[in-house]
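Asks: sequence and predicted structure are below.
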Amino acid sequence: MKLGLQLGYWGAAPPANAADLVAAAEECGFDAVFAAEAWGSDAFTPLAWWGSATRRVRLGTSVVQMSARTPAACAMHALTLDHLSGGRFVLGLGVSGPQVVEGWYGQPFAKPLARTREYLSILRQVLARDAPVVNDGPHHPLPYRGPGALGLGKPLKPITHPLRADLPIWLGAEGPKNVSLAAEIADGWLAIYYAPRLAGMYDEWLDEGLAKSGRSRADLEVAATCQVVVTDDPVTVRGFLKPFVALYIGGMGAPGMNFHAEVFTRMGYGEVVADVTRLYQAGRKDEAAQVVPDELVREISIVGSAEEVRAEVARWEAAGVTQLLVGCRDTASIKAVAEACQ
């Protein structure tokens, strides 16, 4: 099982020890370091800054939001970081949700699957640099000839030659159609709140997408965000994780359209989702966290002794996960996880 350090996105300020965490991850044999974004810090800059001190680990975004940048701008970020890192960059993308897309970026959220197809098509064209980039689709037309256009735009190729035409592109996806799309057009699936118990369901979605592209599971990386904690007090650790679960169920999506909440509903926790959402949106966040059952946290995390962690990691690997994206708060935790997963 490969390990990735998930730095996430920043809160009110940058994390004080991120550089130490990145150095420890590389020293301990982690495969990659990932950064994310919401509506504060971006995901590319931390990788360029802290990743410049690394030599081996891959540097990935998990995820950058597609509506934050045009496809061409995103491709410029990707090819630049790939050059600077010597071919170690992984581009992880996600559609986000309507609250962020329409409320923060001022873009329409409709037809996310079609937008994703167009976005990746343009990315692939830029990275291949075989011809000037064009796109006839309605979401990202190139050249642009719509309202306000002067009619002077022309297809262009990137000035800088990309280091790798096959730079890996992964998709963050939660619903069945989006997961299937990831398997069809991307090089990896970034799974959030993965549960090995539902591996058969995920496999069905993935196989559908792979069949459309004529590929096999060997062609696809499956990277699952998972809190992995080596501890002799799992009850306390799971209690610490509950507020974060409650946040994603009740506070990280629009009422009636919360993709994270839908993940837990498919897992069989529909009543929990309803209760957490009601309490969270009423401002009763502490109560919302208390509603999250221990069993739910057990399904989406790996917490316990080194032996228990090792056994659980093997179970996740058998379910089809190729990499675990873990969030560690200190270097000791990184070393403990690395040792347990060896």
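Replies: Thanks, I have it.
Asks: check what pLDDT the residue nearest the centre of the chain gets.
Replies: Centroid-nearest residue in the chain, with C-alpha atoms, centre = their mean: S62, separated by 3.4 Å. Looking at S62, its pLDDT reads 95.
Asks: quick one: neighbours of the closest residue in space to M201 that isn't next to it in sequence, just the number.
Replies: Spatially, and ignoring its direct neighbours in sequence, M201 is nearest to R266 (7.6 Å; C-beta to C-beta, 6 or more residues apart in numbering). C-beta: built from backbone N, CA, C; applies to glycine. Counted with other C-beta atoms under 10 Å, the neighbours of R266 add up to 16.
Asks: same check, this time on A110
Replies: Neighbour count for A110, taken as other C-beta under 10 Å: 11.
Asks: repeat that for the one 5 residues further on.
Replies: A total of 22 residues lie near R115 under the criterion other C-beta under 10 Å.
Asks: where's it, which helix or strand?
Replies: Using DSSP states H and E, the element containing R115 is helix 112-128.
Asks: how about that helix: buried residues?
Replies: With burial defined by 16 or more other C-beta atoms under 10 Å, the residues of helix 112-128 counted as buried are 112, 115-127.
Asks: before we move on, what about stretch 67-80?
Replies: Buried positions in stretch 67-80, judged by neighbour count with 16+ other C-beta under 10 Å: S67, A68, R69, P71, A72, C74, A75, M76, H77, A78, L79, T80.
Asks: same check on stretch 218-238?
Replies: Here stretch 218-238 shows 220-231, 234, 237-238 as buried, counting by 16+ other C-beta under 10 Å.
Asks: all helices of the stretch 51-200 of the chain, in order?
Replies: Secondary structure of the stretch 51-200 of the chain (DSSP state H, counting those that start in this stretch): helices located at 71-84, 98-103, 112-128, 176-185, 199-213.
Asks: now the weakest link among the ones you listed, please, by mean pLDDT.
Replies: With a mean of 93, helix 98-103 has the lowest mean pLDDT of the helices of the stretch 51-200 of the chain.
Asks: which residues are contacting that helix?
Replies: A38, W39, Q65, S67, V95, Q107, P108, F109, G253, A254, M257 (C-beta atoms under 8 Å, 6 or more residues apart in numbering).
Asks: buried residues, that helix. List them.
Replies: Buried-residue list, helix 98-103, by 16+ other C-beta under 10 Å: P98, Q99, V100, V101, E102.
Asks: before we move on, back to that, farthest pair within the buried residues of helix 112-128?
Replies: The most widely separated members of the buried residues of helix 112-128, counting by C-beta to C-beta, are P112 and L127 (22.1 Å).
Asks: report the beta-bridge partners for G172.
Replies: L190 (DSSP bridges).
Asks: who's in contact with it?
Replies: With contacts defined as C-beta under 8 Å, 6+ apart, G172 is in contact with S62, V63, G92, L93, G94, L190, I192.
Asks: let's see it at 6 Å
Replies: V63, G94, L190 (C-beta atoms under 6 Å, 6 or more residues apart in numbering).
Asks: so how many other residues sit close to the second one?
Replies: Okay, so that is G94. For G94, the number of neighbouring residues by other C-beta under 10 Å comes to 25.
Asks: may I have the residues that are in contact with it?
Replies: V63, G172.
Asks: which of the residues in the helix or strand of the chain with the lowest mean pLDDT are buried?
Replies: The helix or strand of the chain with the poorest confidence is helix 259-266; it has a mean of 88 (mean pLDDT, DSSP states H and E). By neighbour count on 16+ other C-beta under 10 Å, the buried set for helix 259-266 is F259, H260, A261, E262, V263, F264, T265, R266.
Asks: so the residue nearest to M201 versus V222, what's the distance?
Replies: 17 Å (C-beta to C-beta, to the nearest Å).
Asks: do the same with I159
Replies: I159 sits 35 Å away from V222, going by C-beta to C-beta.
Asks: please apply the same query to W316.
Replies: Separation of W316 from V222 (C-beta to C-beta): 10 Å.
Asks: endpoints of stretch 247-260, how far apart?
Replies: End-to-end span of stretch 247-260 (C-alpha to C-alpha, to the nearest Å): 10 Å.
Asks: and that stretch, what's buried?
Replies: Buried-residue list, stretch 247-260, by 16+ other C-beta under 10 Å: L247, Y248, I249, G250, G251, M252, G253, N258, F259, H260.
Asks: check what pLDDT the closest residue to T70 other than its chain neighbours gets.
Replies: Leaving aside its sequence neighbours, T70 sits nearest to H140 (C-beta to C-beta, 6+ apart; 6.7 Å). With respect to pLDDT, H140 scores 97.
Asks: H140 contacts P71, correct?
Replies: Yes: judged on C-beta atoms under 6 Å, H140 makes contact with P71 at a distance of 5.4 Å.
Asks: I appreciate the help and will end here.
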